[in-house]
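take this sequence and fold it.
(one chain, ligands or ions: 1)
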Amino acid sequence: MTDLSTTYLGMELKNPLIAAASPLSKKLDGIRRLEDSGLSAVVMYSLFEEQITHESNELDHFLNAGTESFAEAITYFPDLPTYNLSPDAYLDLVRKAREAVQIPVIASLNGISSGGWAAYAQKIEQAGASALELNLYYLPTDPNLSGAELEQAYLKLVRDVCAKVQLPLAVKLSPFFTVLPQMAGRLTEAGARGLVLFNRFYQPDLDLEKLEVAPRLKLSTSDDLLLPLRWIAILHGRVKADLALSSGVHTGQDLIKAVMAGANAAMTASALVEHGPSRAGKILKEAGEWMDEHEYASVRQMLGSMSQKSVSEPAAFERANYMKALRTYDDRMPR
Ligand SMILES: Cc1cc2nc3c(=O)[nH]c(=O)nc-3n(C[C@H](O)[C@H](O)[C@H](O)COP(=O)(O)O)c2cc1C
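Residues are numbered from 1 along each chain as shown. As a prediction, this is how the structure comes out:
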């Protein structure tokens with residue numbers, strides 16, 4: 001019998017497939033459906049800093065170009081006050097979800113400033129959440145803001161939240177750090193017990209007829225797996241944190257790749273939004289069948305077996321592989 005169990009943030013999970021934050025967890029019924037579909041944990045959709053406080057000075061400092069610069073505000077939730085539940089209703093949903101399902105319920109906060117809103121993490125803990133995911137993402141448009149300053153703000157927030165709660169904290173990152181392994185290490189020193197790679201952020205498009213900026217929410221495909229896969233493989237065994245892969249998990253093989261690269265768990269949103277939560281069952285079935293065929297007895301046995309530290313050609317994850325990849329196109333060019 002194939003053993004799919006894994007651990008993430010100190011929690012025992014029956015398998016490595018977690019429902020990533022998405023509108024599917026906005027209602028109790030949705031959370032029940034995610035459990036019934038076989039997912040081993042659910043990350044709730046995010047509660048935004050802006051929903052909790054509009055008055056933080058630090059937030060004003062970072063958002064001096066207006067909310068438009070807070071990339072996700074215009075993409076996920078164009079009309080924040082009406083789109084999402086109020087903070088109190090969010091807590092209520094956490095409470096009810098914990099009673100209604102057996103799987104861990106991971107609450108999600110989205111923000112970057114270290115204002116009073118971070119104290120909200122305490123309320124989330126009191127509401128009974130199993131863990132907390134902090135989605136750190138800010139699009140810097142101000143040329144006077146240095147990378148170091150922004151990183152300090154992220155670290156301060158993680159430290160502040162960790163000082164307030166006992167809950168295991170995972171930090172969901174964007175891929176846009178100059179030296180990601182260093183930042184990953186500093187986040188774990190600041191208290192993060194897990195890192196989620198990566199937040200998928202939505203690029204605004206231009207509507208040429210209306211001459212407007214049009215937020216486009218494009219769901220991922222398996223091609224989007226490659227970016228987090230590489231970084232999970234590089235970070236596995238190098239940071240003292242559990243790793244969760246997020247972006248591009250659509251099939252059983254995607255899930256297997258995530259685990260082999262070194263992810264304790266993989267999260268999926270687009271596949272479930274597109275095909276319904278029952279797609280999770282298909283992904284898990286495919287992964288189990290693949291493991292049987294290839295004689296793997298457990299997920300633990302596969303974990304990190306293709307991380308950069310484990311493969312025979314570690315340079316394949318680095319620059320050397322780029323030249324090799326480019327050369328594969330040489331033969332296809334007209335002679
Ligand atoms: C419709 C939709 C809503 C999302 N809402 C949130 C959110 O509230 N908080 C968050 O951290 N991520 C949110 N995400 C990002 C997902 O959790 C996930 O990280 C991302 O979509 C990449 O995974 P995927 O390739 O499986 O979709 C959302 C994604 C989608 C598609």
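
sheet partners, orientation included, of the strand ranked longest in the chain?
If you go by DSSP state E, the chain has its longest strand at strand 41-48. Strands that pair with strand 41-48, judged by DSSP bridges, come out as strand 17-19 (parallel), strand 105-110 (parallel).

past the last one, which element shows up next along the chain?
Moving toward the C-terminus from strand 105-110, the first helix or strand encountered (DSSP states H and E) is helix 120-126.

report all helices and strands that that next one contacts.
Applying 3 or more Cβ pairs under 8 Å, 6 or more residues apart in numbering; DSSP states H and E, one finds that helix 120-126 makes contact with helix 87-100, strand 105-110, strand 131-135, helix 147-164. Where C-beta positions appear, they are placed from N, C-alpha and C, glycine not excepted.

briefly note if the shortest one comes near the ligand.
Yes - contact of strand 131-135 with the ligand (Cβ under 6 Å from any ligand atom) involves Asn135.

centre of the chain to that strand, how far?
9 Å (Cα atoms, centre = their mean, to the nearest Å).

mind listing what's buried in that strand?
Within strand 131-135, the residues scored as buried using 16 or more other Cβ atoms under 10 Å are 131-135.

got CSV for the helices and strands packed on helix 120-126, with distance to Ala241 too?
CSV is the format used below for the helices and strands packed on helix 120-126 (distance: least, Cβ to Cβ, whole Å):
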stretch, distance to Ala241
helix 87-100, 23
strand 105-110, 15
strand 131-135, 13
helix 147-164, 11
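
export those to a markdown table and tack on distance to Ala269 and mean pLDDT?
Formatted as a markdown table, the helices and strands packed on helix 120-126 follow (distance: least, Cβ to Cβ, whole Å; pLDDT from 0 to 100):
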| stretch | distance to Ala269 | mean pLDDT |
| --- | --- | --- |
| helix 87-100 | 17 | 95 |
| strand 105-110 | 12 | 96 |
| strand 131-135 | 12 | 96 |
| helix 147-164 | 22 | 94 |
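
so which of the ones you listed is nearest Gln122?
For Gln122, the closest of those is helix 147-164, at 5.1 Å, according to Cβ to Cβ.

could you point out the helix or strand that follows that closest one?
On the C-terminal side of helix 147-164, the nearest following helix or strand under DSSP H and E is strand 169-173.

each with direction, which strands does that next one pair with?
By DSSP bridges, strand 169-173 pairs with strand 131-135 (parallel), strand 194-197 (parallel).

residues of whichever helix or strand Ala258 is part of that come out buried?
Assigned by DSSP H and E, Ala258 belongs to helix 252-261. Judged by neighbour count (16+ other Cβ under 10 Å), helix 252-261 contains these buried residues: 252, 254-261.

any idea which of the residues you listed is the one closest to the ligand?
Distance to the ligand across the buried residues of helix 252-261 (Cβ to the nearest ligand atom) is lowest for Asp254, with 9.2 Å.

confidence score at Ser40?
With respect to pLDDT, Ser40 scores 98.

that one contacts Leu34, correct?
No - contact criterion Cβ atoms under 8 Å: Ser40 and Leu34 do not qualify, at 9.9 Å.

between those two, what contacts are shared?
Residues touching both Ser40 and Leu34 (Cβ atoms under 8 Å, 6 or more residues apart in numbering): Ile103.

quote the end-to-end distance of stretch 203-220.
This stretch, stretch 203-220, spans 13 Å end to end (Cα to Cα, to the nearest Å).

same question, stretch 31-44
OK, stretch 31-44 end separation, Cα to Cα: 8 Å.

and that stretch with the ligand, contact?
No - shown here: stretch 31-44 not in contact with the ligand (Cβ under 6 Å from any ligand atom), separated by at least 6.7 Å.

buried ones in that stretch?
Buried residues in stretch 31-44, defined by neighbour count with 16+ other Cβ under 10 Å: 31, 33-35, 37-44.

nearest to Asp142 among the residues you listed?
Val43 (30.3 Å).

surely that closest one is in contact with Leu9?
No - the pair Val43 / Leu9 is not scored as a contact, 11.0 Å apart, by Cβ under 8 Å.

intersection of neighbour lists for those two?
Common neighbours of Val43 and Leu9 (Cβ under 8 Å, 6+ apart) are Ile106.

tell me which helix or strand of the protein sits lowest on mean pLDDT?
helix 71-75 (a mean of 42; mean pLDDT, DSSP states H and E).

would you agree Tyr8 is in contact with Ala41?
Yes - proximity of Tyr8 to Ala41 meets the contact threshold set by Cβ under 8 Å, at 7.1 Å.

before we move on, back to that, figure out how far the helix holding Ala258 is from the centre of its chain.
What separates the centre of helix 252-261 from the centre of its chain is 16 Å, taken as Cα atoms, centre = their mean.
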